[in-house]
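[1] Structure for the following, please:
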Amino acid sequence: MNRILRTFVLVAVLAIFGMNQSKAQSDFSIHFGMASPLGSFADYQGQDGSVAWLDNTNRAGAGLGFDAGMKFRYNLPAVKGLGIIATADLFYNAANSDVKAWANDFEEEELVYSNVDVFTLTLPKYINIPVMMGMNYEYGLAKGIKLWGEFGLGVDFGVITDFRLYGSGEGYFRCYDENGGLYYVDGEETRVCNYETTASLAYRFGIGVMVADRLSIGLHYYALGSRKVKCEASFEEIYENEDDYFEKVNLAFGSINPAMFTVRLGYHF
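    As a prediction, this is how the structure comes out:
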């Protein structure tokens, strides 16, 4: 995470520097919008609730999310309309409705099936932070209206929040690990997957329109690379009449392939 923060600080410094340059030479903008996952990143395999963090498929089950970011553009005087861009984005996607429905059904089944008093399941959320450099071209369509297109290449930092199972009471409940199975609870039991932050090669394409040199709307496609899903899994059991138990193991669950389509609004300073 420290590497991610350092990268954001660098991009922010470049952006502030750009804001201090003349408008004829540079442009700084912020943008917000919708982030719709594509391909296997959005898919969900319903059999036994299998998703990327539970088995060896590449189906992640990500749902509609949001995008926030910033862009610094520096005009190239040699070619009218052409510029160099540096961008940083933050994508946030929770699990899609199918995965949430499975989690709800699974939790209700456990409460009935296992006779445990409390059972909760917390699904992971996806955070992607692509930082890129690229080129942008603007074409004046009419007074105060410009069409633009751009592409970028860089690195995406992928973060998955914890996947957590918790049960308390006395009875059995099912908990997925590398083998799966039934677990007896007499007290409290917590199982957590804490995922690795990954980095992968990423690229994007975008087109849009700018009005009055201040407002823009853009459509973008992001390919955020393929990465292995790995986690440090911890197993903690608190018994009423026995010694407590705690264990950590490293697990790997195949790969995911995040891709994103975005529609967003931008404001240019």
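
[2] Residues in a beta bridge with Gly169, which ones?
    Val116, Gly187 (DSSP bridges).

[3] from what I can see it touches Ile238, true?
    No - with contact defined as C-beta atoms under 8 Å, Gly169 and Ile238 do not form a contacting pair (11.9 Å). In this view, the C-beta of every residue, glycine as well, is placed from N, C-alpha and C.

[4] Strands of the stretch 51-200 of the chain, start to end?
    Per DSSP state E, counting those that start in this stretch, the stretch 51-200 of the chain has strands spanning 65-75, 82-93, 116-122, 126-142, 145-160, 163-174, 182-195, 198-211. These are given in chain order.

[5] Output the first one in CSV, but only the C-alpha positions, please.
    When you say that, I think you mean strand 65-75. Provided in CSV are the C-alpha atoms of strand 65-75 (Å, rounded to 0.1, in the frame of the first residue of the first chain):
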residue,chain,number,x,y,z
GLY,A,65,-19.2,0.4,-9.2
PHE,A,66,-17.7,3.9,-9.5
ASP,A,67,-14.6,5.6,-10.8
ALA,A,68,-12.9,8.7,-9.5
GLY,A,69,-9.6,10.1,-10.9
MET,A,70,-7.5,12.9,-12.3
LYS,A,71,-5.7,13.7,-15.5
PHE,A,72,-2.8,16.0,-16.3
ARG,A,73,-2.4,16.9,-20.0
TYR,A,74,0.6,18.8,-21.5
ASN,A,75,0.2,20.2,-25.0
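
[6] What mean pLDDT does that strand get?
    Per-residue pLDDT over strand 65-75 has a mean of 94.

[7] One more: the fourth one?
    Strand 126-142 comes out with an average pLDDT of 93.

[8] And it, what's buried?
    By 16 or more other C-beta atoms under 10 Å, the buried positions in strand 126-142 come out as 126-132, 134, 136-138.

[9] Paired strands for it, with orientation please.
    Counting by DSSP bridges, strand 126-142 is paired with strand 82-93 (antiparallel), strand 145-160 (antiparallel).

[10] Next, the angle strand 198-211 makes with it.
    30 degrees (axes from the mean of the first three to the mean of the last three C-alpha atoms, to 10 degrees).

[11] what separates Phe91 from Glu150, distance-wise?
    Phe91 sits 18 Å away from Glu150 when distances are taken as C-beta to C-beta, to the nearest Å.

[12] now swap in Leu121 and tell me
    Leu121 sits 41 Å away from Glu150, going by C-beta to C-beta.

[13] the more surrounded of the two?
    Each of Leu121 and Glu150 has its neighbours counted (other C-beta atoms under 10 Å); Glu150 has more, 22 against 18.

[14] what's the nearest residue to the more buried one if we skip its chain neighbours?
    Asn136 (3.9 Å; C-beta to C-beta, 6 or more residues apart in numbering).

[15] and what of Ser36?
    Phe261 (4.7 Å).

[16] right, and that neighbour touches Gly39 too?
    No - under the criterion of C-beta under 8 Å, Phe261 makes no contact with Gly39, lying 10.1 Å away.

[17] what's across from the residue nearest to Ser36 in the sheet?
    Going by DSSP bridges, Phe261 forms beta bridges with Ser36, Tyr221.

[18] Run a quick neighbour tally on it.
    Residues near Phe261, counting by other C-beta under 10 Å, number 14.

[19] again with the one 5 residues further on
    Using other C-beta under 10 Å, Gly266 has 19 neighbouring residues.

[20] Would you check how far apart Met70 and Tyr267 are?
    With distances taken as C-beta to C-beta, Met70 is found 10 Å from Tyr267.
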